[in-house]
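>>> Fold the following and give me the result.
(3 chains)
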Amino acid sequence: MATEVMAQAEESRTNYLTNGHTVKSWLLTLDHKRIGLLYLFSISIFFAIGGIYAALIRLELITPQGDLMTAETYNRVFTMHGVMMIFFFLIPSIPATLGNFLLPLMLGTKDVAFPRLNLLSWYVFMVGAILMLITIMSGGVDTGWTFYPPYSSIYSNSQVTLAGVSIFITGFSSILTGLNFMVTIHTMRAPGLTWFRLPLFVWAHYATSLIQVLGTPVVAITVLALAFERTLQIGIFDPKLGGDPVLFQHMFWFYSHPAVYIMIIPSMGVISELIANMTRKKVFGYHFVAFSSLAIAVFGFLVWGHHMFTSSQSMYAGMVFSLITYAVAIPSAIKTFNWTATIFKGSVSYDTPMIYALAFIGLFTIGGMTGLFLAALGLDVHLHDTYFVVAHFHYVMVGGAIIGYLGGLHFWWPKMTGRMYPEVWGRISAAIVFLGFNLTFFPQFIVGYLGMPRRYHAYVPEYQVWHILSTAGASLLAIGFIMPVVYLAWSLKYGEKAGDNPWMAAGLEWETSSPPPTENFTYQPVINHDAYEFENVKEIKEAAAKEAALQTA
Amino acid sequence: MSDHAAHVPGLAHHFVNMEQQKEAGTIGMWLFLLTEIMFFGGLFLAYTIYRAKYPDGFLQGSHLLSVPLGGLNTVVLIVSSLTMAMAVYYSQLGERKKLLGFLALTLILGSVFLVVKYFEYAEKFQHHLFPAHWMYNPAADHPPTQYHGQVQVFLWIYFMMTGLHALHMIIGIGLLLVIMFMAHKGKFSKQYNSPVELFGLYWHFVDIVWIFLFPLLYLTGYHVGGGH
Amino acid sequence: MAEHTSEHHIVPLKYYFGVFALLMVFTVLTVWVAQFDLPGMWNIIVALTVACIKATAVVLIFMHVRWSSKLTQVIIIAGLFWLAILLIMTMGDYLVRGGWGVLGVQPN
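Numbering: from 1, shown residues only, chains lettered A, B, ... in the order given. Predicted coordinates for the structure are as follows:
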């Protein structure tokens, strides 16, 4: 029929990768798919830099004495690890790469609502990142990624102002991406694609964008004020000059706590897609999973005070923040239970993306549950600023956000490049990441509970065994992260040709060719069914018809 | 599909029709203003906390500001909002001359605001009232009070809030020049005028910020016999 | 006007002049009221009420929100809601620490 004619015509068509080969065609592209790849490339570099810092931290902590570096240097190393990983990798990770690439495909439209703004956001991001690299080369920052004054504004001898300006600028890139996504989801959905037919990935990105748009401006003004205090020596946050350091913490965490959800909610969206497609089942409780993303985004704005239990924040405020923090567990648990229920009795295939999805459920559960320990006012006094906290947020950010990112990258790799990654290597590296991750961070729960404070370069000898385990795990984790870089690069040239829908997955993005043409679809998609209805997938229908024909014959 | 779209002036290729493009622009602008609310919101929070903390310093600090000049600028901005609204009105009717005229009026009023602001700032610098620690010396020109430190806090809030507001005015005037150039070239018509409308939203928003800044900064200490 | 572009609403000029008059009157009013020493916090309450009325008039008429889509209105309400979260939750902390008076050292 008409579709076959189109399929033949498609063979000779150029796709988004072959549409222009010059550097200019990449740097001035307005194509959301290419911008996604620009982001993918840049954040991979920043992840590597952050990873080098992580390696230095783990090396230093093998021995109880500070023998690899001085306390001063160590302060700079852990600060730059945090800053690179949070502002330049985790926050843009899924939205700016997979989100940019997939959102218009999933919505059945040609591009995001504001393609120029989308490109601008990448340039703004790169300006901020280059400023941060200059910061690193001129000595880095030693305040911790939280930049608490008055240390950061008056006493620190490191490049706080430059780092502040860099983060201020990078924030606008995040705002632009979020704004673009929200407008795109509101106005660019294909005919028939109602809100409750949207893939859960899109719902997750809507919730994420909401946080980016509402939260980021507040941290922008906060770091701007910090930079002014530092350069002009005026009493904004320094109590000696009449300022209020707790006000900084309020304003900082008003964004920076929701920022954690900027990292984890898109990952949850990815996991919903992976689990539905890898088990060939409709996500159990679609509406609940969709709304739980929004609920997390909204509740996420009401809990920032749990970072300040041991500051001079009032006890009563602490109680309110603590209670609401417990409430965030509800939407998170809804997601976890619904994913588990989706897997139940599904036809599960244990390909790499599914291994990552399963790892996510387990690790995120541990990360989330330990969050409840920290939300308890009394217990937090003991655990505050220990390795227990470090382990907790790494379980959420690495075990949650990065695992989801890797799973999504493997799952949509054939769509992005037209090639399959080597499945065996994928599974091996997923297993190594899972083992290495747990070996790195589980001991940190224990050593933190025993009293090891965070941000110390030396410690009492009793803790050494846990630190050695952790460093051993980190080496394994590094191997697990390097492997995908190698085999994904290899697959670009030597990977098996993927075809349009290698997973027999449901979703608009799988209905176009791999890699997609520049305009995404050669026709205007019209949607007349819900998400994850596998009986509508062309490839599954064909396979069923073939089987039926065989049986009758 | 795409060659059909090419016939509509002002329609970008990735939108299905003008209505969708206009809707996207409007929502995008409002979401941008939402970020602006939060951006200024952080400063309003700081204002609230410090005003509660240092009531005396805020009273004395506001005496350093000129109510007539602040009031003049308030009126200037309100009139400029009216001229902007009328510019939008005439762009919707497709009357190019009147559109250009009202945009020009808006531009002039915006510039007047900035000139007045410049004189206010210059006066502060002259009297050593810029709160940077190497410059701040209120005793130089004023009888010493017991609240210098608190007044300094008031002054940085004043400079940061009005400074960011003025920055928004400068950006607005830059955008206004672009819009006027487009209007001059005849880009706008009854069918296509959303850049004018969207810019209008931005301009009114900046006006609203000032509507709050004027009483909060200038009038705070007026009742205890301050304002010159 | 009655064609399919009816959602493209043109606001009659009299609305604009009305809002302009209101803004001017309220500006004079707010300056006039500010010279009286009202008891307690009433000075700031009156000033902010007047400012809010002025802002609402600008939003509804100059910015056409009275005639815009539900979505636009929801966005504005969301903005105010989140601003309220920031202000109320933070001020709540300061207030229950024992009143505004115990906020630390007062510099001279």
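>>> which residues does A:P353 contact?
Counting by C-beta atoms under 8 Å, 6 or more residues apart in numbering or on different chains, A:P353 touches A:L274, A:M278, A:G407, A:G408, A:H410, A:F411. All C-beta atoms are positioned from the backbone trio N, CA, C, and that covers glycine.
>>> now C:V59
So, once contact is read as C-beta under 8 Å, 6+ apart, C:V59 ends up touching B:H204, B:I208, C:V65, C:I76.
>>> again, only using 10 Å
Applying C-beta atoms under 10 Å, 6 or more residues apart in numbering or on different chains to C:V59 gives the contacts B:L33, B:L201, B:H204, B:F205, B:I208, C:V65, C:R66, C:Q73, C:I76.
>>> Using ChimeraX, define a selection of the buried residues within those.
Applying 16 or more other C-beta atoms under 10 Å in any protein chain shown to these, the buried members can be selected in ChimeraX as follows:
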select /B:33,201,204,205,208 /C:65,76
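>>> follow-up on the earlier one: mind telling me the two of the contacts of A:P353 farthest from one another?
A:M278 and A:G408 (12.1 Å; C-beta to C-beta).
>>> which residues of the chain score low on pLDDT?
You didn't pick a chain, so chain A it is. For chain A, applying pLDDT under 70 flags the ranges A:1-13.
>>> ah, I was thinking of chain B
B:1-7, B:141-146, B:225-228.
>>> circling back to that earlier point, intersection of neighbour lists for A:M278 and A:G408?
The contact lists of A:M278 and A:G408 share A:P353, A:Y356, A:A357, where a contact means C-beta under 10 Å, 6+ apart.
>>> Quick check, central residue of chain C?
C:C52 (2.7 Å; C-alpha atoms, centre = their mean).
>>> name the element that one belongs to?
For C:C52, the host element (DSSP states H and E) is helix C:42-57.
>>> From the chain's centroid, how far away is that helix?
Centroid displacement of helix C:42-57 relative to its chain, using C-alpha atoms, centre = their mean, to the nearest Å, is 7 Å.
>>> Let's see it as PDB, backbone CA atoms only.
Extracted C-alpha coordinates of helix C:42-57, given in PDB (Å, rounded to 0.1, in the frame of the first residue of the first chain):
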ATOM      1  CA  TRP C  42      -1.000  49.300  58.300                       C
ATOM      2  CA  ASN C  43       1.400  51.500  56.200                       C
ATOM      3  CA  ILE C  44       2.900  48.500  54.400                       C
ATOM      4  CA  ILE C  45      -0.500  46.700  54.200                       C
ATOM      5  CA  VAL C  46      -2.100  49.700  52.400                       C
ATOM      6  CA  ALA C  47       0.900  50.200  50.200                       C
ATOM      7  CA  LEU C  48       1.000  46.600  49.100                       C
ATOM      8  CA  THR C  49      -2.800  46.400  48.600                       C
ATOM      9  CA  VAL C  50      -2.700  49.400  46.300                       C
ATOM     10  CA  ALA C  51       0.200  47.900  44.400                       C
ATOM     11  CA  CYS C  52      -1.600  44.600  44.000                       C
ATOM     12  CA  ILE C  53      -4.700  46.300  42.700                       C
ATOM     13  CA  LYS C  54      -2.600  48.300  40.200                       C
ATOM     14  CA  ALA C  55      -0.700  45.100  39.100                       C
ATOM     15  CA  THR C  56      -4.000  43.200  38.700                       C
ATOM     16  CA  ALA C  57      -5.400  45.900  36.500                       C
END
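>>> What residues sit buried inside it?
Per 16+ other C-beta under 10 Å, helix C:42-57 contains these buried residues: C:N43, C:I44, C:V46, C:A47, C:V50, C:A51, C:I53, C:K54, C:A55, C:A57.
>>> which among the shared contacts of A:M278 and A:G408 gets closest to A:V223?
Closest approach to A:V223 among those (C-beta to C-beta): A:Y356, at 33.8 Å.
>>> Contacts only, for the closest one.
A:270-271, A:274, A:278, A:402-411, A:426, A:430, A:433-434 are the contacts of A:Y356 under C-beta under 10 Å, 6+ apart.
>>> redo that, cut-off 8 Å
A:L274, A:I403, A:G404, A:L406, A:G407, A:H410, A:A430.
>>> Now intersect those with the helices, please.
If you go by DSSP state H, these have A:L274, A:I403, A:G404, A:L406, A:G407, A:H410, A:A430 in helices.
>>> Pull up the gap between A:N19 and chain C, please.
Counting by C-beta to the nearest C-beta, to the nearest Å, the separation of A:N19 from chain C is 34 Å.
>>> Spit out the contact partners of that residue.
A:S25, A:D31, A:P517, A:T518.
>>> Out of those residues, which two sit at the greatest distance?
That would be A:S25 and A:P517, which, of these, are the farthest apart (C-beta to C-beta) at 15.1 Å.
>>> To which secondary structure element is the residue nearest the centre of chain B assigned?
The centroid of chain B falls nearest to B:V206 when counting by C-alpha atoms, centre = their mean (3.3 Å). Using DSSP H and E, B:V206 falls within helix B:194-213.
>>> now that helix: how far from the chain's centre is it?
Worked out by C-alpha atoms, centre = their mean, helix B:194-213 lies 7 Å from the chain centre.
>>> doesn't A:V160 make contact with A:S138?
No. Using C-beta atoms under 8 Å, A:S138 is not in contact with A:V160; the gap is 11.6 Å.
>>> Which one's more surrounded, those two?
Legend: neighbour count by other C-beta atoms under 10 Å in any protein chain shown for A:S138 and A:V160, higher for A:V160 (27 against 10).
>>> since we're on the closest residue to that one other than its chain neighbours, how many residues are nearby?
Of all residues not flanking A:V160 in the chain, A:S152 sits nearest, at 5.0 Å (C-beta to C-beta, 6 or more residues apart in numbering or on different chains). Using other C-beta under 10 Å, the number of residues around A:S152 comes to 28.
>>> Please parse chain C into its domains.
Taking automatic domain parsing as the domain assignment, the ranges for chain C are C:1-68, C:69-99.
>>> Dump those into a markdown table; add mean pLDDT as well.
Output for the domains of chain C, formatted as a markdown table (pLDDT from 0 to 100):
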| stretch | mean pLDDT |
| --- | --- |
| domain C:1-68 | 87 |
| domain C:69-99 | 90 |
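>>> Any chance of CSV for the ones you listed, columns distance to A:F248?
Shown next, in CSV, are the domains of chain C (distance: least, C-beta to C-beta, whole Å):
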stretch, distance to A:F248
domain C:1-68, 25
domain C:69-99, 11
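>>> closest one to A:M319 among these?
Nearest of those (C-beta to C-beta): domain C:69-99, 9.8 Å.
>>> what about the closest one, distance to the chain center?
Using C-alpha atoms, centre = their mean, the offset of domain C:69-99 from its chain centre is 13 Å.
>>> Pull out the buried positions in it.
C:72, C:75-76, C:78-79, C:82-83, C:85-86, C:89-94, C:96-97.
>>> Equivalent analysis for stretch A:321-330, please.
A:F321, A:S322, A:I324, A:T325, A:V328, A:A329.
>>> what do you get for stretch A:189-203?
So, applying 16+ other C-beta under 10 Å, buried residues of stretch A:189-203: A:R189, A:A190, A:L193, A:R197, A:L198, A:P199, A:L200, A:F201, A:V202, A:W203.
>>> With respect to B:A183, which of the residues you listed is nearest?
Nearest member of the buried residues of stretch A:189-203 to B:A183, counting by C-beta to C-beta, is A:R189, at 33.0 Å.
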